[in-house]
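K.L.:
Fold the following for me, if possible:
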Amino acid sequence: MKRAIVLPLLAVLAGCGGDDATGPTPTNLPSVAGTYSGNWLVQFRRHHDGYGGSFYCYGTVTLAQSATGALTGFVVVGPSCPAQSFDLTGRVGEGGALTFTTGGPRPDVGQCPSAVGATYTGVVVDRQLSARASVELLCPGPGEGMHTFDYILNVWSSS
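P.N.:
Numbering: from 1, shown residues only. Presented below is the predicted three-dimensional model:
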């Protein structure tokens, strides 16, 4: 009698999923693939004396999206900042919430480097992507040192 109950119970439990790391495929993901253009607002603050400022850079973001919401692509930084490009990886969730990792522009003056591996969080609504990242960067040179850079990205897609 015990075998008659245990064997069917094991068969039922064996069919109940498992350790699928990807989980179910989300069904309410918006399509965010495409090319977006707009700008970064970059705000910075030097730690040792509180000196700060901000500047704008033109930029584009190109995204490809998988059925599971994985994002790949690249960003391109343009005027008024030094031209650069960075790979992008991330994820879009339900409601257009997104997280991605990419770089950030460097100032057109001074010796501060570009951010590499900055994690942006934000949202895409009506083909407008808005995201923010904050990083600590060591800027070389006399009187420089550690800085906090806040990257605020606002880009739009016409497609």
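K.L.:
Extract the residue ranges of this protein that are flagged as low pLDDT.
P.N.:
Residue ranges of the chain with pLDDT under 70: 1-27.
K.L.:
let's go with 50 and repeat that
P.N.:
5-20 (pLDDT under 50).
K.L.:
the helices in it, which residues?
P.N.:
2-14 (DSSP state H).
K.L.:
what are the bridge partners for the residue nearest to Tyr36 when sequence neighbours are not counted, then?
P.N.:
Distance criterion C-beta to C-beta, 6 or more residues apart in numbering; nearest residue to Tyr36, sequence neighbours excluded, is Val155 at 3.6 Å. Placement of C-beta: from N, CA and C, glycine included. For Val155, the beta-bridge partners under DSSP bridges are Gly38, Leu129.
K.L.:
Hmm, Asn39 and Val155 touching each other?
P.N.:
Yes: taking contacts as C-beta atoms under 8 Å, Val155 lies within contact range of Asn39: 7.5 Å.
K.L.:
which residues are common contacts for those two?
P.N.:
When contacts are counted by C-beta atoms under 8 Å, 6 or more residues apart in numbering, Val155 and Asn39 are jointly contacted by Gly59.
K.L.:
Spatially central, which residue of the protein would that be?
P.N.:
Phe100 (2.0 Å; C-alpha atoms, centre = their mean).
K.L.:
so who does that one touch?
P.N.:
71, 88-91, 119-120, 131.
K.L.:
Just list whatever residues bridge to it.
P.N.:
Under the criterion used here (DSSP bridges), Phe100 is bridged to Gly90, Tyr120.
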